[in-house]
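J.: below are the sequence and a predicted model for it; my questions follow.
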Amino acid sequence: MDELEQAKQTFVSEAQDLLRDMESGLMQIEAEPDDAENINAVFRAAHTIKGSAGLFGLAHIVSFTHVVETVLERIRSGKLPPSGDLIALLLECRDHIESLIELLTRGIETPDADTEQRAEALRTQLLGFLDGEGGAETAKAHAPASVLEHDVAESQVPDGQYLVRSRYWHISLRFGEGVLRNGMEPLSFIRYLKKLGEIVHISTLYDAMPPAASMDPESCYLGFEIVFDSAATKPDIERVFEFVEDDCQIRIIPPHSEVTRFRELIEALPEADLKVGEILLKSGALTEQELEAALHNQVVAENQADVPQLPVKRLGEILVEQGVVHAETVRSALDKQDKVQANKLKESKSIRIDADRLDDLINLMGELVIGSAAATLMARKHDLIDVLEAVSSISRLIEDIHDRSLRLRMVQIADTFNRFRRVVRDISREIGKDIDLIIDGGETELDKSVVEKIGDPLTHLVRNAIDHGIENAETRALLGKPANGQIRLNAYHESGSIIIEVSDDGGGIDADKVLAKALANGLVAPTQTLTEKEIFQLIFEPGLSTAEKVSNLSGRGVGMDVVKRNVIALRGTVEVTSELGAGTTVTIRLPLTLSIIDGFLVMVGDSSYVLPLDSVVECVEFTEESRHGHEGNYVAWHEHVLSFVDLRELFKEKGPKAARQTIVVVQGGGQKIGLVVDQFLGEFQTVIKPLNKLFEKLHCVSGSTILGSGEVALILDVLAMTRLVETRVEAE
Amino acid sequence: MAKTILVVDDSASIRQVVSIALKGAGYEVITANDGQDALKKLDGHKIHLIVTDVNMPVMDGIAFVREAKKLPDYKFTPFIMLTTESQPEKKAEGKEAGAKAWIVKPFQPPQLLDAVSRLISP
């Protein structure tokens, strides 16, 4: 959000505060109509809202509040009695302003017709309370354009007058003595004048300067005669000097004015006539002839006392507030409004946060979790019961905050899934298949960055299912399947991962065909024997496509390998199961990419290991007797045979073996296995530190964490463990 | 060194926008909520120009200008008053007190910068 947006938010909350004050203030007026400070406060509220709204170019708020302010001003100055009706109306107006502000919070800066209508109705009622003068004033503020017709008489030339030839403006300045004391610098006005045009000639007059002894250094004694080349209008030039109008004598003579104007000038200036004439001549404002005429006229004028003296136009007569500024305000307000509008719509609904900042926060959260774990450990070690209690309530809070901070990154997958409705509809129509898309688990949340990257692989899979998976209508009819094919997208959480499934009820994958193709492509050696699962896995190899014909959509052998690459890049896995004639399911398993997991801490020998808590099913005592038979790593478990892995063996732990070992039953990839450990220490908030590249080939370990005591514990990859068991079983 | 402008207004949003505009033009900006707050801030800062609202709680702009003009350091400091068309008499009062430049509310940043540029440069 940029600074101006922030300022606008400030404006909104400020306006809301002021409106609250206004409400209570208005009701207070009813109770105590003589409380001047209260009335003033109500007035100020409206005044401030108007001023601020103007600054943001919110013309509709300005124009409406202006009328309210005008009425309040009348009440304040005692010109309008605050009757019950008027207060009721003002309260209504207040509500209307509130609704305008409310619209603003929703990013609407241009009120709709209804709102405008209401504003107009209220405005009309308000104007009814104003006397004629007030009404006119308000009207003027609304139609400032007419004021722009300014100084028409200036350009009209009285008949029979000499016109000077010079195409330049002539500006005569005599700064007042007090100008410096008022903080004005004469030079800055001349500098500012240059913005409007070019100063052709400037003469400085210092005749007013007293002898050094009597000179006041705080006073200004200077005058300037300026020949100015500009296309600006007279009001524009006058505006340059508006701040010094009271302290300064300014005469502005437009180009091609009648000579008499100069005559008046010469006459009015304090310096000697001839000297002024000389300056005008030298600066090129007048030719010799013109000067002659001017001076001559002057003599004539002196002789004929009845010649009307044209008053010198005083700058002060043209005040800004009468319209010029107002017109500009309205114009630039409109410009600005258009620009701001576009941004505003997006901003108010949500806050955009740089992903890095969020990661920083989550990282710190991780450190905090470690810190709190350390505190718990210490308290437990020293048996400080009361400290332990305090620490545990703190860690509960930390857990809550941690949950919430993680949720900041989580988004539902529904949006991604829903995109496929269109994809399925378009493609199936294109190739003439009737396909229904079923979406399950759209509410499943996953990391935003994962959602962004999973779109492409999913598109490949869905297209594949439409193109190769679902049979055409005739085949389906022949096989007795429903006429409409079905594609299902499903998502759910399992063991700290998110599972996304793309399944279809199509023809399934012919394992023999895949194998034959793989053999032909040299992907597998003829001597290799592969399980069905391994054969299906081959479709993710580059250059293998079983589609008989290359179609527009798929079958070029790119696609599935790209899917796999993308998924692996997300630290995920992809698997396919298929039944010939019944359909195919592609399962993508992705880590939640969260840096903290709920862990289950176990000890093997002297080392600690962390299991993802949601993969833990049960803990049972392990005894040699419970071994199923006496051969191999099997135990009886709830009428099942459970294969287990002894972590001591797996990790070659040498530490002391516990007298009573425990089997932790874990689940991964739809399979349950047991892990034999020496003891378990319970739940543990685990901050995942990814393993160094050096360890990336390490099996069965997905990361590491630092315990509160400073020790390092490895996080076990349950899925890899189940695979390990699987291969072992198959080997047997 | 950039010249410093003191902005006095009871509206936070006006202070904010005016500050953004003036800083953008290369000035240093100090803000105050009302006349009294502003008087406090005159001390210890070298301020080259003061932009003040008229209608403020605690101490209004006119009283503030009057007080500030009494301080030797601020005798020559130019004041820009933020006046309003609904109170023409306030402008006269402000001028009386010593503020010679003014901007009519509602205004927009370009008008303010325009007025400032006539009095000082960054």
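T.: Cool, the structure landed. Numbers count the residues shown, from 1 in each chain, chains lettered A, B, ... in the order given.

J.: where does the stretch 201-350 of chain A dip in pLDDT?
T.: A:273-274, A:293-350 (pLDDT under 70).

J.: burial measure for whichever residue of it sits closest to chain B, as a count.
T.: Residue nearest to chain B within the stretch 201-350 of chain A: A:F243 (4.0 Å; C-beta to the nearest C-beta). Heads up, the C-betas are built off the backbone N, CA and C, glycines and all. As a burial measure, A:F243 scores 25 neighbours (other C-beta atoms under 10 Å in any protein chain shown).

J.: just to check, it is in contact with B:K100?
T.: Yes - using C-beta atoms under 8 Å, A:F243 is in contact with B:K100, at 5.5 Å.

J.: so what sits against both of those two?
T.: By C-beta atoms under 8 Å, 6 or more residues apart in numbering or on different chains, A:F243 and B:K100 have these common neighbours: A:M184.

J.: checking the residue of the stretch 201-350 of chain A closest to chain B next. Helix, strand or coil?
T.: Of the three states, A:F243 takes helix under DSSP: H, G, I helix; E, B strand; the rest coil.

J.: need the nearest residue in space to it, chain neighbours excluded.
T.: Spatially, and ignoring its direct neighbours in sequence, A:F243 is nearest to B:A101 (4.0 Å; C-beta to C-beta, 6 or more residues apart in numbering or on different chains).

J.: tell me what the residue most central in space within chain B is bridged to.
T.: With distances taken as C-alpha atoms, centre = their mean, B:V51 lies nearest the centre of chain B, 1.3 Å away. Beta bridges link B:V51 to B:V7, B:I80, judged by DSSP bridges.

J.: surely it meets B:V18?
T.: Yes - in terms of C-beta under 8 Å, B:V51 counts as a neighbour of B:V18; the distance is 6.7 Å.

J.: overlap in contacts, those two.
T.: Common neighbours of B:V51 and B:V18 (C-beta under 8 Å, 6+ apart) are B:7, B:9, B:112.

J.: ok, now which ones touch the residue nearest to the second one when sequence neighbours are not counted?
T.: Among residues not flanking B:D9 along the chain, B:D53 sits closest, at 4.2 Å (C-beta to C-beta, 6+ apart). Remark: with contacts taken as C-beta under 8 Å, 6+ apart, B:D53 is in contact with A:51, B:8-11, B:14, B:61, B:81-82.

J.: and what of A:R488?
T.: By C-beta under 8 Å, 6+ apart, the residues touching A:R488 are A:437-440, A:501-504.

J.: related to what we said a few turns ago, most neighbours among the shared contacts of B:V51 and B:V18, which one is it?
T.: Highest neighbour count within the shared contacts of B:V51 and B:V18: B:D9, with 28 neighbours (other C-beta under 10 Å).

J.: and that residue, what is it in contact with?
T.: B:D9 is in contact with B:15, B:18, B:31, B:33, B:51-53, B:56, B:82, counting by C-beta under 8 Å, 6+ apart.

J.: restricted to strands, list the contacts of B:D53.
T.: Counting by DSSP state E, the contacts of B:D53 place B:8, B:81-82 in strands.

J.: and residue 37, what helix or strand is that in?
T.: All of this is about chain A. helix A:36-55 (DSSP states H and E).

J.: chain B was what I was after
T.: Going by DSSP H and E, B:D37 is in helix B:35-42.

J.: now that helix: buried residues?
T.: B:35-39, B:41-42 (16 or more other C-beta atoms under 10 Å in any protein chain shown).

J.: got the confidence number for the residue nearest to the centre of chain B?
T.: Looking at B:V51, its pLDDT is 91.

J.: next: A:A136.
T.: Value for A:A136, per-residue pLDDT: 42.

J.: all the helices of chain B, residue numbers only.
T.: Secondary structure of chain B (DSSP state H): helices at B:12-24, B:35-42, B:61-70, B:88-97, B:109-119.

J.: which element is the nearest residue to A:E288 once chain neighbours are set aside on?
T.: Among residues not flanking A:E288 along the chain, A:L281 sits closest, at 6.4 Å (C-beta to C-beta, 6+ apart). Assessed by DSSP H and E, A:L281 sits inside helix A:273-283.

J.: pLDDT wise, what is residue 2 at?
T.: No chain specified, so I'll use chain A. 72.

J.: the chain in question should be chain B.
T.: If you check B:A2, the pLDDT there is 82.

J.: quick one: contacts for the residue of the stretch 201-350 of chain A closest to chain B?
T.: A:184, A:189, B:100-102, B:115, B:118-119.

J.: need the max-distance pair from the residues you listed.
T.: A:F189 and B:W102 (15.4 Å; C-beta to C-beta).
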